[in-house]
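Q: 3D model of this:
(chains A and B)
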Amino acid sequence: MMDQRLSTIALIGNPNTGKTSLFNALTGQKQRVGNYPGVTVEKKSGLWKLSKTESLTVIDLPGTYSLSAQTIDERITVDVLSGNIPDLSPSLMIIVIDAENLQRNLFLASQASELGVPIVIALNCWDIAERKGIQIDSKLLEKRLGVPVVPTVANQAKGIDKLALAVKTALSNKAIMVRPKWPEPVQEAVDTLKADLSAIDQTSQSLSNGEIQRLIFDASSAVADRLKGEKTQILEAIEKAKETVHKGGFHPNAVESIIRFRFLKPILADIIARQATLKKSIHSESIDQLLLHRFWGLVIFVGMMYFVFQSVYSWSGPFMQLIEGGIAHVQSLASSALESTPMLQSLIVDGVLSGVGAFVIFLPQILVLFLFISLLEETGYMARAAFLMDKLFQWCGLNGKSFVPLLSSYACAIPGILATRTINDKKIRIITIMIAPLMSCSARLPIYILMIGIFVEPAYGPAISGITLFFMHFIGVLVAAPAAYLMNQCIQRKSISIPFVMELPRYRIPNLKNIYGRIYESGYAFISSAGTLIFAFTIIIWALFYFPRPANIESEIRNQYAVELIDESSLQAKIDSAYLENSFGGKLGKGLQPIFNSSGYDWKITVAVIASFPAREVIIATLGILYSLGGEMDENSRDLRASLKNATWEEGKRKGMPVFDIAVAFSIMIFFALCMQCGATVAIIAQELNWLWAIGSFISLSLIAWVASIITYQSINFFL
Amino acid sequence: MQSMLLRLILKPIMQLNQIKDKGHYKVLKMDESQRCISRLMDMGLLPGELIRIRHEAPLGDPISIEFKDCHVSIRLKDAAFLEVDIINESTQ
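A: Numbers count the residues shown, from 1 in each chain, chains lettered A, B, ... in the order given. All right, here's what the predicted structure looks like:
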């Protein structure tokens, strides 16, 4: 990329062909991941060293079955291949083809060949095909197609040298694949459309026949979006061309498939020889008999998902504790080193180091989840999981692929939202991301336990407590389902929905390099993008609750307690509490309290809600400081429970009455169950979608939580 | 009209979503105006092709079908756009 003289080549292919393995084999660790301009489609590129002196830039395009532009991935592929993305005009494409599924894979190759870019075909999974007794005459295929066909075993990096040689030759002789001869009506439509378009706009003369074909064959073409000139005129011209095809006896949406597959059939004649001992995917079929069984398949699925969930929910615990312990250790070191400068001490300890801790803490969960996700995808089980669960999601416009991300969000929304990368439908991905924060994550558990422990269990016993805890985990789904339905209805108008036709690929032994790649990528993306934001959030919230810190507060409190016998630590706790109350954040909380009046919150609860924005679990520590108990409280602390029980309103018409009762407890729990409390989630949504969605979800979830907390408080007070 | 009636009696044309039995079928007609059908056609499923119904999800929808070495999950509402004819009784 640095060297302008480097040629760019593109890697395309169907999903599940081992394209990623080939990309990894070509580029090694020299990869960069970014986004295509304006869309959140992952752009992967890397450097392929052909020899000591020659290198190429390789772009790994998303896996697609077709160029028909039904998905955003397909649109990007068309745009890149036709040279319409700045600096990304490939001078050659390698088409990765699964040796076991030649015909379907060559359909994409045939579409791509029309765009005029030289082609080299990598016949991948050669070993599996051979093992299954499928023999392919690659030399004959090469002769018939007119482009180099190189057998490869990408996950073992076999055939790469030959591929390099073929690429070098093809770059100089610009081999073009044979193309089908189109029936008269199609040819006529292409010619007239070309003429009509150049009459509208001169620049469309540069369109290749392949691009014109895309305009005619695709229901909504990627090419149409970038044509200049009067939109209605362009659409009229395209309609006219489609009509020509129609009149000729072909359906414009179907003619391409029919002609290309008909064209490929004789090319593939005598190319494939299946041996007598044909074990045609018997292996995958018998696994499916079990894994897609209506009863046992479900049992195994539940077991497997339980395993994945546990791994994220509990097994990453020790690693998280290790990080927490490490950060705490460094914090105490820094704390004692900076004793003489209290502000710097607080900035480093409570700002910078907590900020680092605030995002590093998510890494174990992310890495563990992506280990399992990449395993599920690499083996081919992920598609089966989506198949089993799809019906549950259909009615609200989602599909089975939303299941794993939403389940993961019950542990933590951060890895859950990252996991939506497995959803290829953009609209469904957006909706899944937007409802993921409603799944009650593990960080909300402490506040449930605290509230239930004080107000539900003593009064109503353990059974009701259990039901309450379950209900808190379930209420998010009750809100999420209609929310998803509504969003689906709203977004549908603007963007086309993609039919849920999903390949159930053959089962495969996962490739370690690919798994490592996926895990590394997700971790790296998180640290470099969302991590910085989470860090910034933490610093801002720290500053909000640290400043202005007038020095007279400390002396006033010391004077006040000068006569009483009070030990230094409780005195310090009172001072901390006073500082917090008088900080900008404390004042903000007091100022915002009226908003939460109908929810039954006093200013202390309001402050705690704001202060816990970087991480939900901070609410306990904040309440601890506010009630002069110090910040080292947890949800089981007796002191904290007693203080909350005895807290009374300091002023207003409820003065002297207890702040916390069962209504407030539920109001707080409901608020926390539904609100977008955590800054990290906002950051990750901004990373995965954009800031508009992130802020939108923050505002809408806060509103939902606020309204729900008012309804809860008012109705409990009304009925009890 | 008469021939159509005759055809209906002799050879019942079924929509794929109405079929309860697994087994082999031949695709007779596909509604090309549907996006899901374009997708299936891109994957190589064309009128005249043989398919096999392999699985039904636990909740009855979607189903999985196989054609040309390709195993694909489709929803019942999309399957309605495929007209098929039975080839032989379930060959499980």
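
Q: Quickly note the distance from the nearest residue to residue A:320 once chain neighbours are set aside to chain B.
A: Leaving aside its sequence neighbours, residue A:320 sits nearest to residue A:364 (Cβ to Cβ, 6 or more residues apart in numbering or on different chains; 5.3 Å). C-beta here means a position set from N, CA and C on the backbone, and glycine is covered the same way. In this structure, residue A:364 and chain B are 33 Å apart, going by Cβ to the nearest Cβ, to the nearest Å.

Q: Does residue A:364 touch residue A:319 like I think?
A: Yes. Using Cβ atoms under 8 Å, residue A:364 is in contact with residue A:319, at 3.7 Å.

Q: neighbour-wise, which of the two wins?
A: Ranked by neighbour count (other Cβ atoms under 10 Å in any protein chain shown), residue A:364 and residue A:319 place residue A:364 first, with 21 against 15.

Q: Helix or strand: which one has that one?
A: Using DSSP states H and E, residue A:364 maps to helix A:363-379.

Q: which parts of chain B sit against chain A?
A: B:30, B:32-44, B:46, B:54-62, B:64, B:68-75, B:78 (Cβ under 8 Å from any Cβ of the partner chain).

Q: Let me see the contact set for residue 51.
A: Picking chain A for this. Residue A:51 sits next to residue A:164 when contact means Cβ atoms under 8 Å, 6 or more residues apart in numbering or on different chains.

Q: Oops, wrong one, chain B.
A: Here residue B:51 is in contact with B:24, B:25, B:26, B:27, B:45, B:65, B:66, B:67, B:84 (Cβ under 8 Å, 6+ apart).

Q: So which bits of the strand or helix carrying it are buried?
A: According to DSSP H and E, residue B:51 maps onto strand B:50-56. By 16 or more other Cβ atoms under 10 Å in any protein chain shown, the buried positions in strand B:50-56 come out as B:51, B:53, B:54, B:55, B:56.

Q: from those, which is closest to residue A:386?
A: Set against residue A:386, the nearest of these by Cβ to Cβ is residue B:55 (13.1 Å).

Q: Closest residue of the stretch 301-450 of chain A to chain B?
A: Nearest to chain B in the stretch 301-450 of chain A, going by Cβ to the nearest Cβ, is residue A:391, at a distance of 3.7 Å.

Q: neighbours around that residue, how many?
A: For residue A:391, the number of neighbouring residues by other Cβ under 10 Å comes to 18.

Q: That one contacts residue B:73, correct?
A: No. Using Cβ under 8 Å, residue A:391 is not in contact with residue B:73, being 11.2 Å away.

Q: Overlap in contacts, those two.
A: B:57, B:62.

Q: Report the contact partners of the most centrally placed residue in chain B.
A: For chain B, the residue sitting closest to the mean C-alpha position, by Cα atoms, centre = their mean, is residue B:16 at 3.9 Å. Residue B:16 sits next to B:25, B:53, B:63, B:65, B:79, B:80, B:82, B:83, B:84 when contact means Cβ under 8 Å, 6+ apart.

Q: And it, what's its pLDDT?
A: At residue B:16, the predicted lDDT confidence score is 90.

Q: any idea how far residue A:462 is from residue A:660?
A: Residue A:462 sits at a distance of 20 Å from residue A:660 (criterion: Cβ to Cβ, to the nearest Å).
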